[in-house]
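J.: After the sequence you'll find the predicted model.
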Amino acid sequence: KQEVTQIPAALSVPEGENLVLNCSFTDSAIYNLQWFRQDPGKGLTSLLLIQSSQREQTSGRLNASLDKSSGRSTLYIAASQPGDSATYLCAVKRADRGSTLGRLYFGRGTQLTVWP
Amino acid sequence: NAGVTQTPKFRILKIGQSMTLQCTQDMNHNYMYWYRQDPGMGLKLIYYSVGAGITDKGEVPNGYNVSRSTTEDFPLRLELAAPSQTSVYFCASSLSAGQYGSSWYFGPGTRLTVT
């Protein structure tokens, strides 16, 4: 069974810092990995999607890397801002045995607070 | 596009009552999913659908039922509500679900309390 772990569970940093969020998964047979942002009381917003054949994806100040063989991904946030405060969720997509239909397996998230 | 919409936003149920959580997407996605999120936990898959008329169970289907009569709608039915079903429910959709899948889109969630 796929297990997804995110470290740290919570992070509090001053504005302007560069920071790294970590995600690890137990089964490397994944289709892709996706990072989401969740604001309090809101739904999930997709930030970056990395296919299993890719090593990284970038969007603005965000950069996500994927090392499938070691079961790890990192989300790098450059020059953090108070508006980045949210919970960041990592999810891996893989198919269950006997199926080609991929489903998402989520970590518990990293709660990020960026203070001015 | 409105994306994925869910109603209601909040609901309080008494034990034993029933209700339907509505989910609609306007992106013509074949794949739709229902997840629940308990405090401090990751999302767990309840049911999913690969197209109109086709549904299947996820990790935690007990106490729930779904139907998919159209591409756009994927309602989740709670029968005989129990306190263990207190959670936030998210509906999601995606264009594809195979190996070269696309991003997933989530609705804003329904916060359900069963007392």
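T.: Looks like it came in fine.
J.: Give the burial count for the residue lying closest to B:M32 once chain neighbours are set aside, as a bare number.
T.: Once flanking residues are discounted, B:M32 sits nearest to B:F74: 4.2 Å by CB to CB, 6 or more residues apart in numbering or on different chains. The C-beta positions use only the backbone N, C-alpha and C, and glycine is treated the same way. Using other CB atoms under 10 Å in any protein chain shown, B:F74 has 29 other residues around it.
J.: Against B:L43, how distant is B:F74?
T.: The gap separating B:F74 from B:L43 is 16 Å, by CB to CB, to the nearest Å.
J.: Report the beta-bridge partner residues of the most centrally placed residue in chain B.
T.: Centroid-nearest residue in chain B, with CA atoms, centre = their mean: B:W34, separated by 2.7 Å. Here B:W34 sits in beta bridges with B:Y47, B:C91, going by DSSP bridges.
J.: Who are the contact partners of it?
T.: B:21, B:23, B:45-48, B:58, B:64, B:66, B:74, B:76, B:89-92 (CB atoms under 8 Å, 6 or more residues apart in numbering or on different chains).
J.: Just give me the closest of those residues to A:S24.
T.: A:S24 lies nearest to B:L45 out of the contacts of B:W34, by CB to CB, at 20.2 Å.
J.: Find the nearest non-adjacent residue to that closest one, please.
T.: B:G58 (3.1 Å).
J.: now swap in B:T7 and tell me
T.: B:Q22 (4.7 Å).
J.: Please list the outside residues in contact with whatever helix or strand that neighbour lives in.
T.: Element membership for B:Q22, per DSSP states H and E: strand B:19-25. The contact list for strand B:19-25, computed with CB under 8 Å, 6+ apart, reads B:3-8, B:11, B:13, B:32, B:34, B:72-78, B:81, B:89, B:91, B:93, B:105, B:107, B:110, B:112.
J.: elements contacting the host helix or strand of B:T55?
T.: B:T55 is part of strand B:54-57, with elements assigned from DSSP H and E. Where contact means 3 or more CB pairs under 8 Å, 6 or more residues apart in numbering or on different chains; DSSP states H and E, strand B:54-57 is packed against strand B:43-51.
J.: Could you tell me how far the strand it packs on lies from the centre of the chain?
T.: 7 Å (CA atoms, centre = their mean, to the nearest Å).
J.: List the contacts of residue 68.
T.: The chain I'm using is chain A. Here A:K68 is in contact with A:S28, A:I30, A:S52 (CB under 8 Å, 6+ apart).
J.: Let me rephrase: I mean chain B.
T.: B:M32, B:S49, B:G51, B:A52, B:G53, B:I54, B:T55, B:F74.
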